[in-house]
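Undergrad: Based on what follows, work out the 3D shape:
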Amino acid sequence: MENQIFQLQYAIDTFYFLVCGALVMWMAAGFSMLEAGLVRSKNTTEILTKNVALFAIACIMYLLTGYAIMYDGGYLLSGIEAFDIDEVLASSAENGFEGGSVYSGASDFFFQVVFVATAMSIVSGAVAERMKLWSFLAFAVVLTGFIYPMEGAWTWGGKDVFGLYNLGDLGFSDFAGSGIVHMAGAAAALAGVLLLGARKGKYGPNGEVYAIPGANLPLATLGTFILWMGWFGFNGGSVLKLGDAANAHSVAMVFLNTNTAAAGGAIAALLTARILFGKADLTMLLNGALAGLVAITAEPSTPTALQATLFGAIGGVLVVFSIVALDKLKIDDPVGAISVHGVVGLLGLLLVPVTNDGSTFSGQLIGAATIFGWVFAASFAVWFLLKVITGIRVSEDEEQQGVDLVECGMEAYPEFMGK
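TA: Below you'll find the predicted structure:
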């Protein structure tokens, strides 16, 4: 009877893990639509090409090297073919049927790999409209196959940081990846943006900041809603189990807090934009919702729903000021990715000890510094090598023409382009 109960729990947990992974995979569509909406029409095809290609690269590189680096194992198809339920039952009985997570190793890999792709998707929007496609894809190989797995090994993998210290022992906690995924992606993006420079015409000689509107705000709005939906898998799947009452309740709370944090971030950003600019800025509203989601990702299981709303609202206010501040520093980020995922990702980490007494502020700070420092330094080195070897930026004439024709040989909206 105990074996039958375990097998049922194994099936439920594995199925839940796979469904959540599929929801996170759907976030790739959200990033694609958001970025396609916030860039100019002449750069749409290339941004879509980047998002599809980076997802495929992430899947292959995490299969080849990333999973092994992060979890000391690796992933072999033969391992699935040799699946033995009796062996699984014996191992679980030895460790206690109630202890640990109960799911297929294949589902664990699938859930992990879509997180890797999410981190790389963050980079795509920040470097949009002026980066060479093939340089971007070359960077994607290194980030998803090595840079991300290294910091993932120190955090979720439990390994010591270069043998010096263990973040878990210091009180570091990041439930679903405000720092491990989102701030890491933003750090890689920032390194690229600093070497890449701003888009032509974005900043004036005397510090002026000129808006470069996106081509399709309906698409950007659709992308935000897709990301909002996918985030239930992102945070909910990180509970890791569903097949018992306690974990089922935890999943429900995570879903509730994820949703309400996004709502709080959206409203707070909308009100902040109204106060600062005198208008209801849709792009700030969209980024506010995403900021709320990023803020709650580090710990969505322990806050109350009202606390989650407040945390999301803080993220929504912060993201507006961050986007304005980065523009003043002439750090050109067409979609606000560095602010949403980096600045608010740090906020999410620092909010964890407010409701989770298993973490410490010092541990969160050290963890954040470790993640950001490693990803930024390693990414800067890779971007710099690419800049020296192949170049990372298209020419001024190519930027003016649009990277769709230059890099992809086709236009996203050919009927509406001037001839």
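Undergrad: Need phi/psi at His182.
TA: phi -80, psi -50 (degrees, to the nearest 10).
Undergrad: so how far is Leu227 from it?
TA: According to Cβ to Cβ, to the nearest Å, His182 and Leu227 sit 12 Å apart. For the C-beta atoms, the positions are set from N, CA and C on the backbone; glycine is no exception.
Undergrad: With Met27 instead?
TA: In terms of Cβ to Cβ, Met27 sits 5 Å off from Leu227.
Undergrad: likewise Val161?
TA: Taking Cβ to Cβ, one finds Val161 at 31 Å from Leu227.
Undergrad: and the nearest residue in space to Ser359 that is not next to it in sequence, what pLDDT?
TA: In space, and not counting its chain neighbours, Ser359 is closest to Ser173: 4.0 Å by Cβ to Cβ, 6 or more residues apart in numbering. Note on Ser173: pLDDT of 98.
Undergrad: likewise Gly418?
TA: 54.
Undergrad: now swap in Ala68 and tell me
TA: 88.
Undergrad: pull the CA atoms of the strand or helix carrying it into CSV?
TA: In the assignment (DSSP states H and E), Ala68 maps to helix 67-71. C-alpha atoms of helix 67-71 as CSV (Å, rounded to 0.1, in the frame of the first residue of the first chain):
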residue,chain,number,x,y,z
TYR,A,67,23.4,20.6,-15.9
ALA,A,68,26.5,18.7,-15.1
ILE,A,69,28.3,21.9,-13.9
MET,A,70,25.3,22.9,-11.8
TYR,A,71,24.4,19.6,-10.2
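Undergrad: Tell me the confidence at Gly288?
TA: pLDDT, read off for Gly288, is 98.
Undergrad: Helix or strand next in line after the helix or strand that Ser362 is a member of, which one?
TA: Using DSSP H and E, Ser362 falls within helix 361-389. Following helix 361-389 in sequence order, the next helix or strand is helix 396-401 (DSSP H and E).
Undergrad: is it true that the residue nearest to Ser359 lies in a strand?
TA: No. Going by DSSP: H, G, I helix; E, B strand; the rest coil, the assignment for Ser173 is coil, not a strand.
Undergrad: Count residues in the vicinity of it, would you?
TA: 21 (other Cβ atoms under 10 Å).
Undergrad: so what's it up against?
TA: 298-299, 352, 356, 358-359, 363-364 (Cβ atoms under 8 Å, 6 or more residues apart in numbering).
Undergrad: Whichever of those end up buried, select them in PyMOL.
TA: This is the PyMOL syntax for the buried subset of these, where burial follows 16 or more other Cβ atoms under 10 Å:
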select buried, resi 298+299+352+356+359+363+364
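Undergrad: Closest one of the contacts of Ser173 to Gly168?
TA: Of all the contacts of Ser173, Gly363 has the smallest distance to Gly168: 8.4 Å, by Cβ to Cβ.
Undergrad: Just the ones of the contacts of Ser173 in strands?
TA: Of the contacts of Ser173, none are assigned to strands by DSSP state E.
Undergrad: now the contacts of Ser173 in JSON lines, with pLDDT?
TA: What follows is the contacts of Ser173, written out as JSON lines (pLDDT from 0 to 100):
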{"residue": "Ala298", "pLDDT": "98"}
{"residue": "Glu299", "pLDDT": "98"}
{"residue": "Val352", "pLDDT": "98"}
{"residue": "Asn356", "pLDDT": "97"}
{"residue": "Gly358", "pLDDT": "94"}
{"residue": "Ser359", "pLDDT": "97"}
{"residue": "Gly363", "pLDDT": "98"}
{"residue": "Gln364", "pLDDT": "98"}
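Undergrad: about what we covered before: more crowded one of Val161 and Leu227?
TA: Between Val161 and Leu227, Leu227 has the larger neighbour count (other Cβ under 10 Å), namely 25 against 20.
Undergrad: quick one on the thing from earlier: does anything pack onto the helix holding Ala68? Which helices or strands?
TA: In terms of contacts (3 or more Cβ pairs under 8 Å, 6 or more residues apart in numbering; DSSP states H and E), helix 67-71 is packed against helix 105-126, helix 148-155.
Undergrad: per-residue confidence for Thr14?
TA: 88.
Undergrad: What are the buried residues along the helix or strand where it lies?
TA: Secondary structure from DSSP H and E places Thr14 in helix 2-38. For helix 2-38, a neighbour-count test (16+ other Cβ under 10 Å) marks 6, 9-10, 12-14, 16-18, 20-21, 23-25, 27-38 as buried.
Undergrad: what do you get for stretch 349-358?
TA: Quick answer for stretch 349-358 (16+ other Cβ under 10 Å): 349-353, 355-356.
Undergrad: What of stretch 308-325?
TA: Neighbour-count burial for stretch 308-325 [16+ other Cβ under 10 Å]: 308-320, 322-324.
Undergrad: Quick one: list the elements packing against the helix or strand containing Ala262.
TA: Using DSSP H and E, Ala262 falls within helix 245-277. Applying 3+ Cβ pairs under 8 Å, 6+ apart, we find helix 245-277 packed against helix 217-236, helix 282-297, helix 305-328.
Undergrad: and it, how far from the chain's centre?
TA: 17 Å (Cα atoms, centre = their mean, to the nearest Å).
Undergrad: report the angle between the axes of that helix and helix 217-236?
TA: 150 degrees (axes from the mean of the first three to the mean of the last three Cα atoms, to 10 degrees).
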